[in-house]
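Chemist: Here's my sequence, what's the structure:
(2 chains)
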There are 2 protein chains.
Amino acid sequence: MSGHVPTVPAPTPLLEPDLLAADPEGIVEVGRLVGELTSEAAKALRRRGGPLPPLTPVELAHVVDAQLPEGPLPREGGGRDAVLALARAYASYTVDLADPRAAAHLQPPALGVATATDVLASAFNASVDTWDSGPIAVELESRLVRALTALAGYGPRADGVLTPGGTASNLQALLIARDTALRAQRDIRGEGLTGLATKPIVYCSELAHFSVARACAVLGLGEDAVRPVPADEHRRMTADALERALAEKTDEELPIAVVATAGTTDYGSIDPLPELAAVAERHGMRLHVDAAYGGGALFSDRLRPLLAGIEAADSITIDLHKTAWQPAAASVLLVRDGADLTASTGLRVAYLNPDDDGAAGYDGLLGHSLATTRRADALKVVATFLALGQRGVGAMLEACHDLATFAADAIAARPRLRLTATPVLTTVVFRYIPAGGTGEGPADAARADAINGALRRRLLLQGRALIGRTDDVAEDATGGRVRLKLTLLNPQATRDDIQELLTAVEVAGRAVETEELP
Amino acid sequence: MSGHVPTVPAPTPLLEPDLLAADPEGIVEVGRLVGELTSEAAKALRRRGGPLPPLTPVELAHVVDAQLPEGPLPREGGGRDAVLALARAYASYTVDLADPRAAAHLQPPALGVATATDVLASAFNASVDTWDSGPIAVELESRLVRALTALAGYGPRADGVLTPGGTASNLQALLIARDTALRAQRDIRGEGLTGLATKPIVYCSELAHFSVARACAVLGLGEDAVRPVPADEHRRMTADALERALAEKTDEELPIAVVATAGTTDYGSIDPLPELAAVAERHGMRLHVDAAYGGGALFSDRLRPLLAGIEAADSITIDLHKTAWQPAAASVLLVRDGADLTASTGLRVAYLNPDDDGAAGYDGLLGHSLATTRRADALKVVATFLALGQRGVGAMLEACHDLATFAADAIAARPRLRLTATPVLTTVVFRYIPAGGTGEGPADAARADAINGALRRRLLLQGRALIGRTDDVAEDATGGRVRLKLTLLNPQATRDDIQELLTAVEVAGRAVETEELP
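Modeler: Numbering: from 1, shown residues only, chains lettered A, B, ... in the order given. Reported below is the predicted structural model:
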């Protein structure tokens, strides 16, 4: 690598034998440079005090200004030294998800084995759109998808595709629903929606992910195509509630899909899949299950029953970059009948997959995806399961589930904290109760909301404890809607770490209250 | 890593101290494992005979069957040995883009520096959607995007976003066009397209990328919203041709955008941007420039003039995973007025970026993107430019451009090959002329097409020369439409490599002709 990233601007960078990652010499140098970068990163990590840098966004911007005096696209290169300095800064100022006090988002600490193996995906830069742009990458994705359909309980007609995220998987699922539901009336893919008298609508829990509404906007259905169904006291969309919502539809509206959630972002609640499947079938709607979060239960004997009935879904979103601890992106859309998938995205292109090549068996996954170039994200996933097995990955989810149960009990035992809901998966939603302000009434509620929001930002600024926040769907007896949240995805976190996080919340809450005083 | 990927099924994988990539111990182990994986990959690369494995797709499937006896998701893990075996197989059976005889697709050999630095994006698994899910990652993407807007000639109102690919960038550009063009009539994002009497339509060259039609299908406009404009003899959409197409629109049709191409996939041809910008303005359409391929010219003094006038575009797609030699994905959508971008995708979500956090400066890029979780793809790009500079990256494109010019001359000098078009960027389209069949007429043309298709598959099977193919828009005097293509993206390839590729084409062509005989 001594030549690869020259320390002085190189007059002839193209002559460096190790410029390209996939040369035999180049890939050895990639290994060497990764060794240096990770060594620098380890040093930076050891100097850190917590999961976030203890800086305001403005202060961080100044740090990055200093790091990039000529901006991110300098005219002349600074070689290896510039890259190592960037690595140090990155490791110092990124979020550190492996810190057991990081508990904000559905963003897990990545597995080392997945991270390391993914280097080969980048180095060889295969793309799964055509066979000759990534032969073994196409094979690995096809096999991974088929294995996941089998785990979900699907039959031999099932198919699927990796996508860049749960939002993209949900978009493609609703694209399929749109094109399928209206097929008898019109070829939507070919002719579009304008002039159509029917309004396609989509039902989902009021707690469903915002990507459902976003998908409807992108697909031309409009955000108003979403019919949010009130959740029950367990934060689930029941079949009865769905039926009540369906009873209100007008004659111009055509229900095309119900999106059930297997793991709501905040509460981890799982809609009753078999009952919703029955309603969907009765009304001729597709059932899509957004298991972006809960899908990891497929790998755990103990938690798999939470997904009972998922095989009745027409399609399923699973984010392996959530509960299979992959670095993003590794979402997957599974479809019970692969023909539905290719009806919306099937494609033959002269320069990629002409008919005669397809007939000769040279076919990639272009027609499965909304993307064209698509990296070999299956490689890291397959490497992870070959290394740890389903049992190893499932055990990680079980450990986080145990932590969530413990955290709920710990919260219940602290008078200044109030648990909002019993955990289902690995999140715990609660609230800080300000001193002298627990009574009902709008003033108290607004103050409590402000204090909860401010205490989280105080923690962000200190950088030693990173928790999530959200709004509850309704006020509870403590007033207000702002909630705090632990999203527990570090299987190595301990009960002491949880207690430390909760104490940090209480301390920050008291400090915010104190600062309120004139 | 000795514990991280255990060699026997581990009863307690969660106790391994180096399980997670971002632990100080874990990241050192990532470096060590990458060293082993790349060393195995180098050995496999040295045993290879060419850019593709010399196997049929069916034979490759058997190889992978043997590699994964329990499938890709075994119940018990096989530890480190299983991962190393996977790496060996992957390096043996992937496409090797660093082989100078790989010249099929717009899929470059990845730079070592980008590949290596990207490990930190995976290891820390930051996401740019919220500030606290990736503070420095948000900063790096924002700065990279702004620097690219400046290079494109945009002013201070410009903005942009990284996307998973050119197809996604074009989709988002047309989403913005759809929502913007119809804003006066209707809030499309909120209310959708159904019932709308107006048919939005999109103009582009007949040689534009298929992602334009795909985007129209996804967006609910329908593939029939695309109005392909005939290209001129230089394979460009001229202003006159666009005006002629516009003259044919009906009163119910509303032109919302013209998509100009700066680098058609097959020919590299670049539509005349200033003239098309004038037409777009005259007709009140947005101008989107698909510079997925040609965008890399921004980094080369010599080739930058090809993009003259690009600053008049309302939006621009640039694929840094094409002509900036990044591993996928690294596409970027630039928008001249950032307000247009956020009008379509702006979003506040209680659990990610609530108003009070935004007011306090804690804001991520959620509202810029159609994705939610989004990895730190800017890191590898910034590392590349810090190391090599614009000058180093631009020199790579210049080298490939020189190779294409050489290849065109070499083709012209070979009687059995016929050049289809003069190269503009780094592709060269040509045709193999069968012996005794160069006369015009449908039978000759069909035979020549079949021979050109078959000779490419013969090369695929042999694995020693990987070239592209496509269909020309029209037959030429040699008959038929199937063309062969060199997509030259290896800056280290030599003129001898080019000659070797062309000789391989001729040899394969003769062999196919011989096998035709009864």
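Chemist: in which helix or strand would I find the closest residue to chain B within chain A?
Modeler: Among the residues of chain A, A:G220 lies closest to chain B, at 2.2 Å counting by CB to the nearest CB. C-beta here means a position set from N, CA and C on the backbone, and glycine is covered the same way. Following DSSP states H and E, one finds A:G220 outside all helices and strands.
Chemist: Skipping its backbone neighbours, what lies nearest it in space?
Modeler: Nearest non-adjacent residue to A:G220, counting by CB to CB, 6 or more residues apart in numbering or on different chains: B:G220, 2.2 Å away.
Chemist: ok now do A:V30, which residues does it touch?
Modeler: Counting by CB atoms under 8 Å, 6 or more residues apart in numbering or on different chains, A:V30 makes contact with A:A21, A:V119, A:A123, B:V34, B:T38, B:G112, B:T115, B:A116.
Chemist: Distance to A:R178, secondary structure and neighbour count added to the residues you listed, as TSV?
Modeler: As requested, these are arranged in TSV below (distance: CB to CB, whole Å; DSSP: H, G, I helix; E, B strand; the rest coil; neighbours: other CB atoms under 10 Å in any protein chain shown):
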residue	distance to A:R178	secondary structure	neighbour count
A:A21	40	coil	32
A:V119	38	helix	29
A:A123	38	helix	35
B:V34	43	helix	31
B:T38	44	helix	31
B:G112	43	helix	34
B:T115	38	helix	32
B:A116	42	helix	33
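Chemist: Of the residues you listed, which is the nearest to A:C204?
Modeler: A:V119 (38.3 Å; CB to CB).
Chemist: tell me the contacts of the residue nearest to A:G220?
Modeler: The contact partners of B:G220, taken as CB under 8 Å, 6+ apart, are A:R178, A:I188, A:G192, A:L193, A:T194, A:L219, A:G220, A:L221, B:G192, B:L193.
Chemist: Which one (most neighbours) among those?
Modeler: The most crowded member of these, judged by other CB atoms under 10 Å in any protein chain shown, is A:G220 (29 neighbours).
Chemist: Mind pulling the model confidence for it?
Modeler: For A:G220, the model assigns a pLDDT of 98.
Chemist: Just the element for A:A66, please.
Modeler: For A:A66, the element it lies in under DSSP H and E is helix A:57-67.
Chemist: who does the helix or strand that contains A:D449 touch, helix- and strand-wise?
Modeler: Using DSSP H and E, A:D449 sits within helix A:442-462. Helix A:442-462 sits against strand A:427-432, strand A:466-471, strand A:482-487, helix A:495-516, helix B:355-359, with contacts defined as 3 or more CB pairs under 8 Å, 6 or more residues apart in numbering or on different chains; DSSP states H and E.
Chemist: among these, where is the model least confident on average?
Modeler: For the helices and strands packed on helix A:442-462, where the average pLDDT is lowest is helix B:355-359, sitting at a mean of 85.
Chemist: buried residues in that one?
Modeler: Of all the residues in helix B:355-359, those buried under the rule 16 or more other CB atoms under 10 Å in any protein chain shown are B:D356, B:D357.
Chemist: so how far is it off the chain centroid?
Modeler: Distance of helix B:355-359 from the chain centroid (CA atoms, centre = their mean, to the nearest Å) equals 36 Å.
Chemist: quick one, what contacts the closest residue to A:N452 other than its chain neighbours?
Modeler: Nearest residue to A:N452 in three dimensions, chain neighbours excluded: A:V482, at 4.4 Å (CB to CB, 6+ apart). With contacts defined as CB under 8 Å, 6+ apart, A:V482 is in contact with A:R431, A:A448, A:D449, A:A450, A:N452, A:G453, A:R469, A:T470, A:D471, A:D472, B:P354.
Chemist: Then A:R469?
Modeler: A:N452, A:G453, A:R456, A:V482, A:R483, A:L484, A:K485, B:A350, B:Y351, B:P354.
Chemist: now swap in A:L298 and tell me
Modeler: In this structure, A:L298 makes contact with A:L148, A:L151, A:A152, A:R304, A:L307, A:I318, judged by CB under 8 Å, 6+ apart.
Chemist: one step back: A:L334: which of the contacts of A:V30 is nearest?
Modeler: Using CB to CB, A:V119 is the member of these that sits closest to A:L334, with 27.3 Å.
Chemist: Flag every residue of the stretch 401-518 of chain A that's near chain B.
Modeler: Taking CB under 8 Å from any CB of the partner chain as the measure of proximity, the stretch 401-518 of chain A contacts chain B at A:450, A:453, A:457, A:460, A:466, A:468-471, A:482, A:485, A:490-492.
Chemist: Buried members of the residues you listed into PyMOL, please.
Modeler: The PyMOL command for the buried members of those (criterion: 16+ other CB under 10 Å) is given here:
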select buried, chain A and resi 450+453+457+460+466+468+469+470+471+482+485+490+491+492
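Chemist: Narrow the contacts of A:L298 to just the buried residues.
Modeler: Neighbour-count burial (16+ other CB under 10 Å) applied to those gives A:L148, A:L151, A:A152, A:L307, A:I318.
Chemist: The fourth one contacts A:A297, correct?
Modeler: Yes. Shown here, A:L307 and A:A297 form a contact pair, counting by CB atoms under 8 Å, at 5.2 Å.
Chemist: Return stretch A:18-36 as CSV; C-alpha atoms alone will do.
Modeler: Provided in CSV are the C-alpha atoms of stretch A:18-36 (Å, rounded to 0.1, in the frame of the first residue of the first chain):
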residue,chain,number,x,y,z
ASP,A,18,-2.0,-2.1,-6.0
LEU,A,19,-4.4,0.7,-7.1
LEU,A,20,-7.3,-1.7,-7.7
ALA,A,21,-8.7,-3.8,-5.0
ALA,A,22,-9.2,-7.0,-7.0
ASP,A,23,-5.6,-7.4,-8.3
PRO,A,24,-3.8,-10.2,-6.4
GLU,A,25,-1.4,-7.5,-5.1
GLY,A,26,-4.2,-5.0,-4.6
ILE,A,27,-6.2,-7.2,-2.4
VAL,A,28,-3.3,-8.0,-0.2
GLU,A,29,-2.8,-4.3,0.2
VAL,A,30,-6.4,-3.8,1.0
GLY,A,31,-5.9,-6.3,3.9
ARG,A,32,-2.8,-4.4,5.0
LEU,A,33,-4.6,-1.0,4.9
VAL,A,34,-7.6,-2.4,6.7
GLY,A,35,-5.2,-3.5,9.4
GLU,A,36,-3.8,0.0,9.7
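Chemist: helices or strands up against the biggest helix by length in chain A?
Modeler: In chain A, with assignment by DSSP state H, the single longest helix is helix A:378-412. Counting contacts by 3+ CB pairs under 8 Å, 6+ apart, helix A:378-412 packs against helix A:112-124, helix A:135-151, strand A:417-419, strand A:427-432, helix A:495-516, helix B:79-93.
Chemist: Minimum distance to A:G50: which of these has it?
Modeler: Closest to A:G50 of the helices and strands packed on helix A:378-412 is helix A:495-516 (CB to CB; 9.6 Å).
Chemist: Residue ranges in chain A under the pLDDT threshold?
Modeler: Within chain A, the ranges that satisfy pLDDT under 70 run A:1-15, A:17, A:436-442, A:475-479, A:517-518.
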